[in-house]
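Trainee: Sequence plus the predicted model coming up.
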Amino acid sequence: MREAILWDHESGRIRCHVCPNACLIADGGRGVCGVRENHGGVLQALTYGLVSSVAVDPIEKKPVFHYRPGTRVLSLGSVGCSMRCGHCQNWQISRARPSAEGLSTLLPGEIVPLACAHGCEGVAFTYNEPVIWIEYVLDSAIECHASGLFTVMVTNGFITAEALDVIAPHLDVWRVDVKGFNDETYRSLCRVHSIAPVLEMAERAKTRWGLHVEVVTNVIPGINDDDETLHGIAAWVARALGTDTPWHVTRFFPYLDLADRHPTPLATLRRAREIGLAEGLHFVYLGNVDEPGGEDTKCPECGAIALGRDGYTVTARNTHDGACAACGAPLGIVET
């Protein structure tokens, strides 16, 4: 265990201030995430240094397309989550306890040597929700930046402003899921009270802290695939984060509580892309589906393919300092 940050005492219990669940935890109890425990009046982070998953990935797999394209990242995850999404693909770890079998120990000081040994230029905190792992992410990200590695947060975005302001100075990328566009969807699908913190903190990450932000929406038939929802998300991305912000619309596959639904039709993803473009977005990508050109970066000015992709591999690169090499139009791509 490691003493947690961002908590105080309230009415004989502990109030956690890391995510908007704002859990009030009695002695011996844990928050919704399952990994932050009131241990004798002190909030303890139970998963500090406990790793469930370690892999070397192309950054495109996160998916992140406009930050250091073609580089590799060391991906790390633990257990637990601040949400309980009915379609979670990683439920075996997101719903696991800190006592689960198969966890290993990887301390922050060990991450940089491991990343460098595998040719990684960055580190991604992913697989389960990294916000609830904030003490470990903070210490690890500081080590990464000190050694010249970039850092990526693959997150559901459910974080308080207080917690974001602690971790953001040590991050480079905020890759956030937007799972719907109203509180009802977030209550039924994710088991949290509101979407507002997700949107507000994505904007804060971008405007206050200058993080590179990319948005993912897993399009689920009958839940968030209606035109009103897709227009709402796309318009918000364009207005709040900027028209060069990538929006990844990805195919849903039946899983867990939603195993009775059909995979997202390709036509729905194509419609989502058209909606995104109509709302002014320059870059809408189709994920989890084999669609020719669906993940290529096309210059919005001249139409040239600035970055061609085949799956997670960059197959063509026609950029210069983040701009289109053909016409010089800025693309919002961070290359160095």
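Mentor: Arrived safely.
Trainee: hey, let's count contacts and neighbours off CA atoms from now on
Mentor: Will do.
Trainee: All the helices of the stretch 1-150 of the chain, residue numbers only.
Mentor: 91-94, 108-117, 134-146 (DSSP state H, counting those that start in this stretch).
Trainee: so can I have a markdown table of those showing mean neighbour count, distance to residue 5 and mean pLDDT?
Mentor: As requested, the helices of the stretch 1-150 of the chain are arranged in a markdown table below (neighbours: other Cα atoms under 10 Å; distance: least, Cα to Cα, whole Å; pLDDT from 0 to 100):
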| stretch | mean neighbour count | distance to residue 5 | mean pLDDT |
| --- | --- | --- | --- |
| helix 91-94 | 19 | 21 | 95 |
| helix 108-117 | 16 | 17 | 98 |
| helix 134-146 | 20 | 7 | 98 |
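Trainee: The stretch 151-300 of the chain: helices as residue ranges?
Mentor: 161-167, 183-185, 196-207, 227-236, 266-278.
Trainee: before we move on, the earlier item: can the helices of the stretch 1-150 of the chain go into a markdown table with extra columns for distance to residue 180?
Mentor: Below are the helices of the stretch 1-150 of the chain laid out as a markdown table (distance: least, Cα to Cα, whole Å):
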| stretch | distance to residue 180 |
| --- | --- |
| helix 91-94 | 19 |
| helix 108-117 | 34 |
| helix 134-146 | 25 |
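Trainee: of these, which approaches residue 33 most closely?
Mentor: Nearest to residue 33, of all these, is helix 91-94, at 8.6 Å by Cα to Cα.
Trainee: Alpha carbons of that closest one, in CSV - could you do that?
Mentor: Below are the C-alpha coordinates for helix 91-94, written out as CSV (Å, rounded to 0.1, in the frame of the first residue of the first chain):
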residue,chain,number,x,y,z
TRP,A,91,-13.6,-6.2,-17.6
GLN,A,92,-11.3,-9.0,-16.3
ILE,A,93,-9.0,-6.3,-15.0
SER,A,94,-11.3,-3.3,-14.7
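Trainee: From the contact counts, what lies against it?
Mentor: Helices and strands touching helix 91-94, by 3 or more Cα pairs under 8 Å, 6 or more residues apart in numbering; DSSP states H and E: there are none.
Trainee: hmm, who's touching that helix?
Mentor: Residues outside helix 91-94 that contact it (Cα atoms under 8 Å, 6 or more residues apart in numbering) are 52, 78-81, 127-129.
Trainee: can you give me the angle the lengthiest strand in the chain makes with helix 196-207?
Mentor: Assignment by DSSP state E gives strand 212-219 as the longest strand of the chain. Counting by axes from the mean of the first three to the mean of the last three Cα atoms, to 10 degrees, strand 212-219 lies at 150 degrees to helix 196-207.
Trainee: how distant is strand 212-219 from the center of its chain?
Mentor: 8 Å (Cα atoms, centre = their mean, to the nearest Å).
Trainee: Can you point out the buried residues in it?
Mentor: By 16 or more other Cα atoms under 10 Å, the buried positions in strand 212-219 come out as 212-219.
Trainee: What of stretch 295-310?
Mentor: Going by neighbour count (16+ other Cα under 10 Å), the buried part of stretch 295-310 is 295-300, 305-309.
Trainee: quick one, phi psi at residue 244?
Mentor: When read as degrees, to the nearest 10, the backbone of residue 244 gives phi -90, psi 0.
Trainee: Would you check that it makes contact with residue 282?
Mentor: Yes. Using Cα atoms under 8 Å, residue 244 makes contact with residue 282 at a distance of 5.5 Å.
Trainee: Tabulate the helices of the stretch 151-300 of the chain in a markdown table, adding columns for distance to residue 12 and mean pLDDT.
Mentor: Listed next are these as a markdown table, based on distance: least, Cα to Cα, whole Å; pLDDT from 0 to 100:
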| stretch | distance to residue 12 | mean pLDDT |
| --- | --- | --- |
| helix 161-167 | 22 | 98 |
| helix 183-185 | 31 | 98 |
| helix 196-207 | 27 | 98 |
| helix 227-236 | 41 | 98 |
| helix 266-278 | 49 | 98 |
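Trainee: Including mean neighbour count and distance to residue 119, could the ones you listed go into a markdown table?
Mentor: Putting the helices of the stretch 151-300 of the chain into a markdown table (neighbours: other Cα atoms under 10 Å; distance: least, Cα to Cα, whole Å) gives the following:
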| stretch | mean neighbour count | distance to residue 119 |
| --- | --- | --- |
| helix 161-167 | 17 | 25 |
| helix 183-185 | 16 | 40 |
| helix 196-207 | 20 | 28 |
| helix 227-236 | 19 | 35 |
| helix 266-278 | 19 | 34 |
